[in-house]
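Colleague: Got a sequence here, can you model it:
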Amino acid sequence: MPRPSSSNCDCRGITAYLIGLASPLAVAIGGVVGAGIALAGLLLLAGPRAETATLLLAGIAISAITGAATALALALAPSPFAFYDAYDWLMGSLVDRSLPQLIFAALPAVAACGYCIAKSRALDTLALGEDTAAAMGIDLRRLRRNVIVATAIGVGAAVSVCGAVGFIGLVGPVLARRLVRNHPGRAALPAALIGALLLLAADIAIRFAPPDRSVPVGVLTALIGAPFFLLLVARMRWSERI
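Modeller: Numbering: from 1, shown residues only. Reported below is the predicted structural model:
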């Protein structure tokens, strides 16, 4: 989508639009804070003893609320520059990202990934079923809560910098599971590497777009990821019939 040009445009995404910050880290900080607020709302809404289905329903409710708030913010955008910057962030973009932003996102993301790797044995046991994991002495409530918190921290930090790049976090783990087979706890590092390669390939591909057009990288990943999952669902249904 083409955008108006301005040498004095200091808007950097939704956070800069809402609170008027011109710092390159404004969006990153706002994204992490927003992820923390959403996580707190999820845990508060679902309760301390929530099952997986309850967490999913609570997550859908919070996603609907935040999506409506984002749409309202875009509708009330004070200038076209704020709208286009917010549009790029919502669709996912790597344009004009700085090294401080990368470092800000990398530290919590690596820490979250490290925690999941450290809990790989417990996650492998959990894959056998909650009853089996509980019988082997695993605190399911604590493990589930800690993994959710670690995931929210890592994802929130990454999204705060590059925006909502769709399907990378879904396609990567699915492909990684094919490498580790029945050991889902070992999928964290391969999934991260596969996701990074997919994002790099998508970013290179959009460089071939016309120079007068700005194509967010998240649009391309969605166009690739959605058919991938449709094919995956079709294969699962076919295997069930057999």
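Colleague: Local confidence estimate at the residue nearest in space to the middle of the chain?
Modeller: The residue lying closest to the centre of the chain (CA atoms, centre = their mean) is Val155, at 4.7 Å. On the pLDDT scale, Val155 is placed at 83.
Colleague: for the chain, what spans make up the helices?
Modeller: For the chain, applying DSSP state H gives helices covering 13-19, 26-46, 52-75, 80-91, 99-118, 120-126, 130-135, 140-162, 168-180, 188-205, 217-241.
Colleague: Distance to Pro211 for the ones you listed - can I get that in a markdown table?
Modeller: Every C-beta, even on glycine, is put in place using the N, C-alpha and C of the backbone. Formatted as a markdown table, those follow (distance: least, CB to CB, whole Å):
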| stretch | distance to Pro211 |
| --- | --- |
| helix 13-19 | 23 |
| helix 26-46 | 25 |
| helix 52-75 | 26 |
| helix 80-91 | 16 |
| helix 99-118 | 24 |
| helix 120-126 | 45 |
| helix 130-135 | 54 |
| helix 140-162 | 22 |
| helix 168-180 | 25 |
| helix 188-205 | 15 |
| helix 217-241 | 16 |
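Colleague: just checking, Ala46 touches Leu55?
Modeller: Yes. Between Ala46 and Leu55 there is a contact under CB atoms under 8 Å: 5.1 Å.
Colleague: Looking at those two, which is more packed in?
Modeller: Ala46 (21 against 18; other CB atoms under 10 Å).
Colleague: Pull the contacting residues for the more buried one.
Modeller: Contacts for Ala46 (CB atoms under 8 Å, 6 or more residues apart in numbering) come out as Thr54, Leu55, Leu57, Ala58.
Colleague: Find the nearest non-adjacent residue to it, please.
Modeller: Spatial nearest neighbour of Ala46, chain neighbours left out: Ala58 (4.2 Å); criterion: CB to CB, 6 or more residues apart in numbering.
Colleague: Quick check: that neighbour vs Ala127, distance?
Modeller: 23 Å (CB to CB, to the nearest Å).
Colleague: out of the two, which sits in the more crowded spot?
Modeller: Ala58 (18 against 13).
Colleague: shouldn't the more buried one be in contact with Leu42?
Modeller: Yes. Counting by CB under 8 Å, Leu42 is a contact partner of Ala58 at 5.3 Å.
Colleague: Show me where this structure dips below the pLDDT cut-off.
Modeller: Regions of the chain meeting the criterion pLDDT under 70 cover residues 1-28, 48-50, 52, 77-85, 182, 212, 239-242.
Colleague: and Ala158, how far is that from Val219?
Modeller: Going from Ala158 to Val219 by CB to CB gives 18 Å.
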